[in-house]
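1. what follows is a predicted structure for the sequence shown.
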Amino acid sequence: MTKKAAFWIFLFGTLSSAALFLVLTWDMHRQVDVLSRADKLSDTVIAGKKSFEKHNCNDCHTILGFGGYYAPDLTRVVQRVGEDGVRYRIKHPELAFAASVRKMPQQHIPAAEIENLLAFFSWVGEIDNGDWPPQDSKKRLTRGEKRLVAMAGVSPGAAVFKSKGCMNCHALGGSGGSFGPALDTVGRTLSTEQIGQYIKEPKSVNPQALMPPQTDLTDRELEEVAKFLGNLK
Ligand code: HEC
Ligand code: HEC
């Protein structure tokens with residue numbers, strides 16, 4: 001190649017890349033208001049963002065990839081665990097993560113501030129960023145559950161029972177909560193399918209049910225925990 005040809009390749013390559021970059025930048029800025037849902041930036045959302053900064057949540061957590069890599073990314077946390085799930089985890093991290101080796105501190109955040117944080121997470125979660133970051137597959141167990149299976153040798157269903165807060169209300173083998181019935185022999189009266197249905201939508205099996213629907217389980221988790229309980233006879 002002659003020096004002259006190299007010069008033209010350099011010049012054309014650089015200028016065309018620069019032009020493309022500028023056009024994409026312009027196009028991105030043109031769409032920012034729509035993609036980021038700027039019109040939905042209410043006072044509560046802004047207060048939530050301030051609260052997120054005040055409590056240094058992002059020392060441990062990321063949002064849109066920015067922050068600490070100790071704890072889960074919160075970009076789509078509302079879609080992942082639901083509004084009640086987020087409230088519960090911020091209010092009682094010592095209970096929500098009791099079975100986990102990673103800990104989140106109890107910061108005694110006032111209820112009003114938790115609502116602001118929730119509004120902020122909901123707003124962030126709806127930003128159109130091409131389904132990024134990817135969420136855990138509905139077909140998998142969480143990392144904490146896999147660890148319980150591997151380290152404590154319990155079955156996947158028992159790990160789900162432990163990690164999803166069932167024991168806050170139900171006892172097994174004498175330990176656990178007493179708001180709901182002990183489930184040691186639940187497999188005698190209910191089939192695996194009925195148990196799965198009960199967990200997902202208690203009122204569909206028992207119209208007077210006090211148990212809240214457990215929406216925080218993946219399909220795989222639901223299947224495993226129903227199988228586990230169905231075998232308790
Ligand atoms: C010292 C580190 C630390 C700080 C600070 C912290 N967290 Fe966490 N948080 C964690 C860890 C660790 C987990 C995950 C525990 C597990 O699942 O094992 C977590 C989990 C969560 C979850 C549930 C995520 C999910 O996918 O289930 C939410 C919601 C959350 N934190 C919100 C907050 C908010 C809001 C703040 C600030 C007020 C905050 N965290 C501050 C460490 C932290
Ligand atoms: C907030 C408390 C609460 C939580 C959390 C909870 N339950 Fe329940 N559950 C109850 C109560 C109360 C009942 C008794 C019937 C009713 O009022 O719904 C019940 C009933 C059941 C039954 C039917 C028992 C029977 O003999 O009819 C099953 C099965 C069950 N729960 C499984 C689970 C599983 C699995 C989880 C965790 C994923 C869970 N529950 C979480 C409160 C709870």
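-> Ah, there it is. Numbers count the residues shown, from 1 in each chain. Ligands and ions are numbered 1, 2, ... in the order given.

2. now do the contacts for residue 9.
-> Shown in contact with residue 9 (C-beta atoms under 8 Å, 6 or more residues apart in numbering): no residues. Every C-beta, even on glycine, is put in place using the N, C-alpha and C of the backbone.

3. state the helix or strand in which it lies.
-> According to DSSP states H and E, residue 9 maps onto helix 3-35.

4. what residues does the helix or strand of the chain with the lowest mean pLDDT touch?
-> Least confident element among the helices and strands of the chain, by mean pLDDT, DSSP states H and E: helix 143-151 (a mean of 77). With contact meaning C-beta under 8 Å, 6+ apart, helix 143-151 is reached by 99-102, 141, 154-156, 158-160, 162-163, 221.

5. who wins on neighbours among the residues you listed?
-> residue 160 (29 neighbours; other C-beta atoms under 10 Å).

6. sorry, back to before: overlap between the contacts of helix 143-151 and the residues near ligand 1?
-> 100, 102 (C-beta under 6 Å from any ligand atom).

7. circling back: using PDB, write down the CA coordinates of the least confident helix or strand of the chain.
-> Output of helix 143-151 as PDB, limited to C-alpha atoms (Å, rounded to 0.1, in the frame of the first residue of the first chain):
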ATOM      1  CA  ARG A 143     -27.900 -17.800  43.800                       C
ATOM      2  CA  GLY A 144     -28.800 -17.900  47.600                       C
ATOM      3  CA  GLU A 145     -31.000 -20.900  47.000                       C
ATOM      4  CA  LYS A 146     -28.400 -22.800  45.000                       C
ATOM      5  CA  ARG A 147     -25.900 -22.100  47.800                       C
ATOM      6  CA  LEU A 148     -28.300 -23.600  50.400                       C
ATOM      7  CA  VAL A 149     -28.700 -26.700  48.200                       C
ATOM      8  CA  ALA A 150     -25.000 -27.100  47.700                       C
ATOM      9  CA  MET A 151     -23.800 -26.200  51.300                       C
END
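
8. the helices in the protein, which residues?
-> Here the chain has its helices, by DSSP state H, at 3-35, 43-54, 77-91, 93-96, 111-125, 143-151, 156-163, 186-189, 192-200, 202-205, 219-230.

9. looking at these, which is buried most?
-> Most buried of these by mean neighbour count (mean count of other C-beta atoms under 10 Å) is helix 156-163; its value is a mean of 23.

10. what about residue 132, how many neighbours?
-> 13.

11. how about it, nearest residue that isn't a chain neighbour?
-> The shortest distance from residue 132 to any residue other than its chain neighbours is 7.7 Å, reached at residue 75 (C-beta to C-beta, 6 or more residues apart in numbering).

12. and that neighbour, what does it touch?
-> 62, 63, 64, 65, 124, 125, 127, 129, 132, 133.

13. relative to residue 40, which of those is nearest.
-> Of all the contacts of residue 75, residue 40 sits closest to residue 127, with 9.8 Å by C-beta to C-beta.

14. re the thing from before, lowest average pLDDT across the helices of the chain?
-> Ranked by mean pLDDT, the helices of the chain bottom out at helix 143-151, with a mean of 77.
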